[in-house]
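>>> Here is a sequence together with a model predicted from it:
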Amino acid sequence: MKTRKLGNIEVSEIGMGCMAFSHGYGAIPSREYAMEAIRSAYDHGCTFFDTAEVYGNVLYYEHHNEEIVGAALHDIRENCVIATKLHIHDDEASEDMYDVCKRHLLASLKALNTNYVDLYYLHRINPEVPVKKVAEAMGKLIDEGLIRGWGLSQVEESTIKRAHEVTPVSAVQNLYNMLERDCETNTFPYCLEHNIGVVPFSPIASGFLSGKITKDTAFEKEDDVRVFVPQLKKENIEANQPVIDLLNQYAALKNATNAQISIAWMLHKYPNVVPIPGSKNKERIIEHLGANTITLTDEEFQTLEQALNSIKVYGHRGNVQFQGQSMKNWGKK
Ligand SMILES: NC(=O)c1ccc[n+]([C@@H]2O[C@H](COP(=O)([O-])OP(=O)(O)OC[C@H]3O[C@@H](n4cnc5c(N)ncnc54)[C@H](OP(=O)(O)O)[C@@H]3O)[C@@H](O)[C@H]2O)c1
């Protein structure tokens, strides 16, 4: 697979979001299945794996997902880029940020069974903690060789700028897909200009863009984010059908799936974008990685883009969700 750079960190141009093996989309498959799925992604060219300390905290325990990712990649660790994330809890906000970040990192390293993390993100901004303090702490962790680079998640340009001035940011991980394009206005241009990679999460719009979700799709009762995703409200699933019709058209034209077109669209649009689609299903993970072979011509991209721009999107999740919420209860009802 072709590669891209997140700052100075080289990754496959499509990564894998591993969250759903512990959190966010309801019941999970066995640990053995999850590890096989991660390995199979690697066998299909993926070298970039995304996890977080918090994935698992609702149904299981913190670091649940890191354990799975670490175990799956253990013997090929050096060939892979592992990204994980920390939350700074409200009761940690007044502590020295280096101590806080290091404590979280050491727990993640233990769960991942490794001695370094390639990309360490601040998962959400805690309004009580100046981002510059976190940036300083991350700089020290880089100097110590415990992390190779650092990033921010669900942030806007002004926050990235404050952080980047202290310790260069390798990547920003924000919500981005054909239905959620806030980042295009300021965040992506800033990142492009400053050699910062962009890692879109939920690139398939939590499954909507695959075209396989209908108003009759039942989501799961426990720990399923789709219950909260505005575009997945029954009325919006129907109202957003024109986007699916457009994807169907391009999928037929390029002999691809809808999900692949939605990934190929963002890869064409931004040279610094590395999406991390997620799935609990081995076949779909391989399908996502296959988007790497779907190349849109400039003309195809322009026509697709113009058509997309002309469609009204119903439901908006936005880019600063959960800000200000107590981090300790994140993801919990
Ligand atoms: N930084 C953050 O705050 C944040 C937030 C959310 C996620 N993330 C990261 O981003 C990764 C991706 O996010 P996401 O999982 O929300 O992304 P996503 O790929 O947009 O959505 C995943 C959902 O879509 C379905 N889906 C995906 N591809 C499909 C396909 N080809 N056909 C049919 N259904 C498909 C999956 O169902 P199946 O499982 O049944 O295939 C799953 O329900 C996560 O794994 C996590 O690592 C980060």
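Perfect, thanks for sending it.
>>> which bits of the stretch 201-333 of the chain sit near the ligand?
Contact residues, the stretch 201-333 of the chain versus the ligand (Cβ under 6 Å from any ligand atom): 201-207, 210, 212, 259, 276-281, 284, 287. From N, CA and C alone the C-beta is placed, and that goes for glycine too.
>>> change it to 5 Å
201-202, 204, 206-207, 210, 212, 259, 276-281, 284 (Cβ under 5 Å from any ligand atom).
>>> Which of those has the largest number of neighbours?
Highest neighbour count within these: P277, with 28 neighbours (other Cβ atoms under 10 Å).
>>> Of the residues of the stretch 201-333 of the chain next to the ligand, which belong to helices?
If you go by DSSP state H, these have 259, 284 in helices.
>>> And the pLDDT at the residue nearest in space to the middle of the chain?
Nearest residue to the geometric centre of the chain (Cα atoms, centre = their mean): F201, 3.1 Å. At F201, the model reports a pLDDT of 97.
>>> again, but for V320
pLDDT at V320 comes out at 55.
>>> follow-up on the earlier one: closest one of the residues of the stretch 201-333 of the chain next to the ligand to V225?
Taking Cβ to Cβ as the measure, V225 lies nearest S206 of those, at 6.5 Å.
>>> ok, the closest residue to that closest one other than its chain neighbours - contacts?
Nearest non-adjacent residue to S206, counting by Cβ to Cβ, 6 or more residues apart in numbering: V229, 4.8 Å away. Neighbour list for V229: 205-206, 208, 315, 317 [criterion: Cβ atoms under 8 Å, 6 or more residues apart in numbering].
>>> Next, find the distance separating V229 from R4.
27 Å (Cβ to Cβ, to the nearest Å).
>>> How about Q306?
Taking Cβ to Cβ, one finds Q306 at 26 Å from R4.
>>> who has more neighbours, those two?
Legend: neighbour count by other Cβ under 10 Å for Q306 and R4, higher for R4 (21 against 9).
>>> What are the phi and psi values at the more buried one?
For R4, the backbone dihedrals (degrees, to the nearest 10) come out as phi -140, psi 170.
>>> Spit out the contact partners of it.
10-13, 197, 271-274.
>>> ok, residues contacting stretch 259-271?
With Cβ under 8 Å, 6+ apart, stretch 259-271 has contacts from 4, 13-14, 176-178, 188, 192, 198, 200, 203-205, 209-210, 247, 250-251, 254, 256, 273, 275, 277, 284, 287-288, 290-292, 294-296, 301, 304-305, 308.
>>> now stretch 97-107
53, 62-63, 86-88, 92, 117, 120, 129, 133-134, 136-138, 140-141, 146-147.
>>> ranges for the helices of the stretch 151-300 of the chain?
Applying DSSP state H, counting those that start in this stretch to the stretch 151-300 of the chain gives helices spanning 157-164, 187-193, 234-239, 241-254, 258-269, 282-289, 298-309.
>>> looking at the ones you listed, which is closest to A72?
Closest to A72 of these is helix 282-289 (Cβ to Cβ; 12.2 Å).
>>> related to what we said a few turns ago, which of the contacts of stretch 97-107 are buried?
For the contacts of stretch 97-107, a burial check counting by 16 or more other Cβ atoms under 10 Å picks out 53, 62-63, 86-88, 92, 117, 120, 129, 133-134, 136-138, 141, 146-147.
>>> which ones among those residues are found in strands?
Counted as lying in strands by DSSP state E, out of the buried ones among the contacts of stretch 97-107, are 86, 117, 120, 147.
>>> For T214, list the residues it contacts.
T214 sits in contact with I237, where contact means Cβ under 8 Å, 6+ apart.
>>> Now do it against the ligand, distance only.
Separation of T214 from the ligand (Cβ to the nearest ligand atom, to the nearest Å): 12 Å.
>>> repeat for A163
16 Å.
>>> do the same with T185
In terms of Cβ to the nearest ligand atom, T185 sits 19 Å off from the ligand.
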